[in-house]
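Participant: Structure for this input, please:
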Amino acid sequence: MHMMVARPEQWVKPMAIAGANQYTFHLEATDNPGALIKDIRENGMKVGLAIKPGTTVEYLAPWANQIDMALVMTVEPGFGGQKFMEDMMPKVHWLRTQFPSLDIEVDGGVGPDTVHKCAEAGANMIVSGSAIMRSEDPRSVINLLRNVCSEAAQKRSLDR
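Facilitator: Next up is the predicted model:
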């Protein structure tokens, strides 16, 4: 679950009951990330922590060892079809360098033309809506996205 809500605390238990296995919330949406992370874990879910484009990656850093996945938004949250913000890639790269085993996801404007930049920066999870849904061959787009990420992850592990 990627919860783009104002009070993510109120949805933890209902999402756990509904069967969610991961709960991703926006760091900007809570005053107490530590308590929310604890609550998510106590409800049996993995923790994802998202940051919007205007939020520095250093703001996420203190929580990185307590989460399963960091999500770097590459558009302003709210609606599909926006242009990919390439200037978010240094955030992804910094997270990958500082936290090599952390799952790092990018969401927003990702498709065949931008996935290479995401994967090379260190993203190993991709959210792609419009590029898949507007494609005449969604399966091939999904396979391309998956293969680019897998190849970049393999290269990173060989480079270590």
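Participant: count of residues packed around N65?
Facilitator: 8 (other Cβ atoms under 10 Å). No exception for glycine: its C-beta is placed from N, CA and C like everyone else's.
Participant: measure it to L49 for me?
Facilitator: Here the distance between N65 and L49 works out to 11 Å (Cβ to Cβ, to the nearest Å).
Participant: quick one: which helix or strand includes A123?
Facilitator: Assigned by DSSP states H and E, A123 belongs to neither a helix nor a strand.
Participant: Am I right that it is in contact with L102?
Facilitator: No: applying Cβ atoms under 8 Å as the test, A123 and L102 come out as separate, 10.8 Å apart.
Participant: Sketch out the low-pLDDT regions of the chain for me.
Facilitator: Counting by pLDDT under 70, the ranges of the chain that qualify are 160.
Participant: repeat that with 80
Facilitator: Scanning the chain for pLDDT under 80 picks out 78-81, 159-160.
Participant: Which helix in it has the most residues?
Facilitator: Under DSSP state H, the helix in the chain containing the largest number of residues is helix 138-159.
Participant: still on that earlier bit, find residues that contact each of A123 and L102.
Facilitator: Taking Cβ atoms under 8 Å, 6 or more residues apart in numbering as the contact definition, A123 and L102 share the neighbouring residues R96.
Participant: Compare the two and say which is more crowded by neighbours.
Facilitator: Under the neighbour definition other Cβ under 10 Å, A123 and L102 were set side by side, and A123 has more, 30 against 18.
Participant: which SS class is the closest residue to the more buried one other than its chain neighbours?
Facilitator: Nearest in space to A123, with sequence neighbours left out and distances taken as Cβ to Cβ, 6 or more residues apart in numbering, is V106 at 4.6 Å. At V106 the chain is in strand, as set by DSSP: H, G, I helix; E, B strand; the rest coil.
Participant: Now do V106: how many residues are near it, please.
Facilitator: When neighbours are counted by other Cβ under 10 Å, V106 registers 32.
Participant: Would you mind naming the residues that bridge with it?
Facilitator: On DSSP bridges, the residues paired with V106 through beta bridges are V72, I126.
Participant: For it, give me its contacts.
Facilitator: With contact taken as Cβ under 8 Å, 6+ apart, V106 is in contact with 71-74, 88, 92, 118, 123, 125-127.
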